[in-house]
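take a look and give me a structure for this.
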Amino acid sequence: MTDLPVITHWIDGAPVDGTSTRTAPVFNPALGAVAKNVRLASTADVDTAVASAQAAYPGWRDTSQARRQGIMFNFRELLNARKGDLADILTAEHGKVTSDALGEIIRGLEVVEFALGMPHLTKGEYSENVSTGVDVYTLRQPLGVVGIISPFNFPAMVPLWFFPIAIAAGNTVVLKPSEKDPSASNWLAALMTEAGLPDGVLNVVHGDKEAVDALLVHPNVQAISFVGSTPIAKYIYETAAHHGKRVQALGGAKNHMLVLPDADLDLAADAAVNAGFGSAGERCMAISVVVAVEPVADDLVAKITERLTGLKVGDGMRGCDMGPLITQVHRDKVASYIDVAHTDGAEVVVDGRGIEVDGDASGFWLGPTLFDKVSTDSDVYLDEIFGPVLSIVRVASYAEGLALINRSRYGNGTAIFTNDGGAARRFQNEVQVGMIGINVPIPVPVAYHSFGGWKDSLFGDAKAYGPAGIAFYTREKAVTSRWLDPSHGGINLGFPQNA
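Predicted coordinates:
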């Protein structure tokens, strides 16, 4: 194992070993074997990365918008041309199939393209002659050094949600990716350097809780962006906010898909399978609960089951439909819910354990799993399982289904499948969820809108990318200006009044 490659940090435009000798294994999930090791940063290593970002900040802040946008455009072109190379990295370290990896990168590219409009997006407003000879205008300026902490399930897309906007707005960045699949972040940082980004503007430190905590409390880090599980998101938000930072903290989910009796059941079944089992269910926007309004449940379960029998599970490099889970520990945790379902009285329609796979037998495999007649008191329903497990909950009416969704502690994404426009409009108005799909199972907003949920799916009120991302990574100044002529009126200690 000592001969395995070691992934280092990326600081000040180059690979850096750092002071810590601690490492963690990086698996190839399809082989079930350690492929690399990654260095885990010490607090001193985080300090070094922040110092690099801080030193680079004045020059980058004062770099012209035209120059910044030229670099971002170069990056966009390089990323688009080499996205296949990055997809291979994602498949090797995360396990998702190549087509899914490419889709992740393309959605990240959308945010890069959105950031190319930064000169327009950060334009201020100007009001002339608000009082005699007085003008008021606003400026949007960067914050300084910002920290980004990204999850394992989207090693490319989630960093791309954040750092292109932060950097295009004039900030410098320290990115702490998941230690489970860290190579994509180094690859992206090297590509930014090739695109012309000055050293120190984008730094990558790998690590565990020690590195995370060092970013959260560092006095020279002005803001923190995070995507991950709800307990960690809550911790990130509370800790960083306590230390005076702006925080974007996006948490977990338990997304419901409400299927009304008038829905196209073939469309609904396709959507449930696509949204439930893509990326082996390791998506915060995955559909994990189908709420079937009777009398359609039996037909819908049959259609979903038929589709699951045709899915090919295996190594993502081999053209399969679904790959392995990220680690053996996570695979075993997800699989344990099958026994929970049995105990709690659900019907296990499809059991993903012991399936035949197109890949090495040692991989972290769990096939698509389907439960029917799931009780809302069961942990199968209540927990964010984050794997290829889909639950069917049967209800008698639209109102019962809506109430069920609204009782959930999560409010990330939801969907309704119906051919009734009035029902869809009522649903979008009444459901207490931040992102809604109407006959769309994974309603991730495009880059020029913003991503974020409600309730325990978002801590604070700062969503990701889009207009919310611009507001998060900049702060506004309002300037009141008067250029006096020689006949100005002299001293007046009264409160200023417009006249």
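
residue 41: how many residues sit nearby?
30 (other CB atoms under 10 Å). C-beta: built from backbone N, CA, C; applies to glycine.

all numbers from here: first residue = 18
In the new numbering, first residue 18, that becomes residue 58.

excluding its backbone neighbours, what's nearest it?
residue 224 (3.8 Å; CB to CB, 6 or more residues apart in numbering).

counting neighbours, what do you get for the one you found?
Residue 224: 28 surrounding residues under other CB under 10 Å.

secondary structure element for it?
Taking DSSP states H and E as the definition, residue 224 sits outside all helices and strands.

for it, give me its contacts.
Shown in contact with residue 224 (CB atoms under 8 Å, 6 or more residues apart in numbering): 37, 56, 57, 58, 62, 63, 193, 196.

equivalent analysis for residue 415, please.
Per CB under 8 Å, 6+ apart, neighbours of residue 415: 275, 277, 310, 440, 444.

can we see that at 10 Å?
Contacts for residue 415 (CB atoms under 10 Å, 6 or more residues apart in numbering) come out as 275, 277, 278, 308, 310, 433, 435, 437, 440, 443, 444, 447.

for the second one, what are phi and psi?
The one in question is residue 277. The phi/psi pair for residue 277 (degrees, to the nearest 10) reads phi -90, psi 160.

now for it, how many residues are close by?
Other residues close to residue 277 by other CB under 10 Å number 21.

same question, the fifth one
Look at residue 310: counted by other CB under 10 Å, it has 23 neighbours.

the spatially most central residue of the chain: which element?
With distances taken as CA atoms, centre = their mean, residue 175 lies nearest the centre of the chain, 4.2 Å away. If you go by DSSP H and E, residue 175 is part of helix 174-185.

can you give the distance of that helix from its chain's centre?
Remark: helix 174-185 is offset 11 Å from the chain centroid, using CA atoms, centre = their mean, to the nearest Å.

now the buried members of the contacts of residue 415.
275, 277, 308, 310, 433, 435, 440, 444 (16 or more other CB atoms under 10 Å).

hmm, back to that, out of the contacts of residue 224, which sit inside helices?
62, 63 (DSSP state H).

ok, the contacts of residue 224 vs residue 253, which is closest?
Checking the contacts of residue 224 against residue 253 with CB to CB, the nearest one is residue 193 at 11.0 Å.

can you pull the contacts of that closest one?
So residue 193 contacts 26, 58, 63, 66, 164-167, 176, 199, 202, 220-225, 228-229, 231-232, 241, 243 (CB under 10 Å, 6+ apart).

in this structure residue 283 contacts residue 320, no?
Yes. Using CB atoms under 10 Å, residue 283 is in contact with residue 320, at 6.5 Å.

pick out whichever of these two has more residues nearby.
residue 320 (19 against 12).

centre of the chain versus the helix or strand where the more buried one lies, how much separation?
Here residue 320 sits within helix 314-325, counting by DSSP H and E. Computed by CA atoms, centre = their mean, the chain-centroid distance of helix 314-325 equals 30 Å.

ditto for stretch 481-493
Here the centre of stretch 481-493 is set off from its chain's centre by 16 Å, with CA atoms, centre = their mean.

just the C-alphas of it, formatted as CSV.
Extracted in CSV, the C-alpha atoms of stretch 481-493 (Å, rounded to 0.1, in the frame of the first residue of the first chain):
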residue,chain,number,x,y,z
ALA,A,481,-26.4,28.2,-4.1
TYR,A,482,-25.5,29.7,-7.5
GLY,A,483,-27.7,31.9,-9.6
PRO,A,484,-28.7,35.3,-8.1
ALA,A,485,-28.3,34.0,-4.6
GLY,A,486,-24.7,33.0,-5.4
ILE,A,487,-23.9,36.5,-6.6
ALA,A,488,-25.4,38.0,-3.5
PHE,A,489,-23.5,35.6,-1.3
TYR,A,490,-20.1,36.1,-2.7
THR,A,491,-20.3,39.9,-2.9
ARG,A,492,-21.4,42.8,-0.6
GLU,A,493,-23.0,46.0,-1.5
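
so, low pLDDT: which residues of the chain?
18-19, 503-506, 515-516 (pLDDT under 70).

got the domain ranges for it?
23-268+474-495, 272-455 (automatic domain parsing).

would JSON lines of those with distance to residue 513 be doable?
What follows is the domains of the chain, written out as JSON lines (distance: least, CB to CB, whole Å):
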{"stretch": "domain 23-268+474-495", "distance to residue 513": "8"}
{"stretch": "domain 272-455", "distance to residue 513": "41"}
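
wait, residue 21 sits on residue 54?
Yes. Assessed by CB under 10 Å, residue 21 is found in contact with residue 54 at 5.5 Å.

any common contacting residues for those two?
Joint contacts of residue 21 and residue 54 (CB under 10 Å, 6+ apart) are 40, 42, 43.

which of those ranks first by neighbour count?
Going by other CB under 10 Å, residue 43 tops the shared contacts of residue 21 and residue 54 with 23 neighbours.

what helix or strand is residue 444 on?
Here residue 444 is assigned to helix 438-447, by DSSP H and E.

send me that helix as PDB with only the CA atoms.
Included here for helix 438-447 are C-alpha records, laid out as PDB according to Å, rounded to 0.1, in the frame of the first residue of the first chain:
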ATOM      1  CA  GLY A 438     -52.900  21.600 -14.500                       C
ATOM      2  CA  GLY A 439     -55.100  22.800 -11.700                       C
ATOM      3  CA  ALA A 440     -53.800  20.100  -9.400                       C
ATOM      4  CA  ALA A 441     -50.200  20.900 -10.400                       C
ATOM      5  CA  ARG A 442     -50.700  24.600  -9.700                       C
ATOM      6  CA  ARG A 443     -52.300  23.900  -6.300                       C
ATOM      7  CA  PHE A 444     -49.400  21.600  -5.400                       C
ATOM      8  CA  GLN A 445     -46.700  24.200  -6.200                       C
ATOM      9  CA  ASN A 446     -48.600  26.700  -4.100                       C
ATOM     10  CA  GLU A 447     -49.300  24.400  -1.100                       C
END
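
what helices or strands is it leaning on?
Applying 3 or more CB pairs under 10 Å, 6 or more residues apart in numbering; DSSP states H and E, we find helix 438-447 packed against helix 415-424, strand 430-434, strand 452-455.

and the nearest residue to residue 182 once chain neighbours are set aside, what does it touch?
Distances taken as CB to CB, 6+ apart put residue 486 closest to residue 182, at 4.5 Å, once the chain neighbours are dropped. Each residue near residue 486 by CB under 10 Å, 6+ apart is listed here: 128, 131-132, 138, 178-179, 181-183, 186, 242, 265, 464, 467-468, 479-480.

try it again at 8 Å.
Residue 486 touches 128, 178, 179, 182, 467, 480, counting by CB under 8 Å, 6+ apart.

list only those of the residues you listed flagged as buried.
In the contacts of residue 486, the ones that pass as buried (16+ other CB under 10 Å) are 128, 178, 179, 182, 467, 480.

am I right that the first one sits in a strand?
No. Secondary structure assignment places residue 128 outside any strand; it is helix (DSSP: H, G, I helix; E, B strand; the rest coil).
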